[in-house]
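Participant: need a 3D model of the following:
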Amino acid sequence: MATLQLTKETFEQTIVDNDMVVVDFWAEWCGPCKSFAPVYEKVSEQYPDAVFAKVDTEDQPELAQYFGIRSIPTLMIFREQIGIYSQPGALPEPTLTDLMEQARGIDMDQVRAEIAAATEEAAEASAPGADTGEPDTSEPDTNEAASG
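Facilitator: Predicted coordinates for the structure are as follows:
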């Protein structure tokens, strides 16, 4: 399968419509990007169930900025609309193949449960009156002490 070129207009829908999307952030002037491209294409042919896409960071600076891309190539993998991998650097073919197998093997129900638990924990920690672990520096209620 040929790789798909993503833009800010097509990125979100591509992630929503596909179970597994692998994204290579690259630029024409980038030497490591050019050396990684044939590896990326070859591995994409081994995984027809995954969408292999590319984002040209020169043409799509908004996407690069949104994802905090500071170094290219950067590879991201999304499973079921959840980013599960993001790392800069050109990978050799065996490493990329191994990464794909690991990504396929992830239990996404467990990932969603972990996200839900972390979200709930963060919400509780930021709720008014939540115990932040900081010492209580508020003034004591003197009315309560006087009446007791």
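
Participant: what about Leu6, neighbour count?
Facilitator: Counted by other C-beta atoms under 10 Å, the residues lying close to Leu6 total 23. To be clear about C-beta, it is placed using only N, CA and C from the backbone, and glycine gets the same treatment.

Participant: contacting residues for it?
Facilitator: 14, 23, 53-55, 60, 63 (C-beta atoms under 8 Å, 6 or more residues apart in numbering).

Participant: switch the cut-off to 6 Å
Facilitator: Counting by C-beta atoms under 6 Å, 6 or more residues apart in numbering, Leu6 touches 14, 53, 55.

Participant: number of nearby residues for Gly68?
Facilitator: Around Gly68 there are 8 other residues, counting by other C-beta under 10 Å.

Participant: any idea how far it lies from Pro38?
Facilitator: Gly68 is 27 Å from Pro38, where distance means C-beta to C-beta, to the nearest Å.

Participant: what about the longest helix in this structure?
Facilitator: With secondary structure taken from DSSP state H, the chain has its longest helix at helix 108-126.
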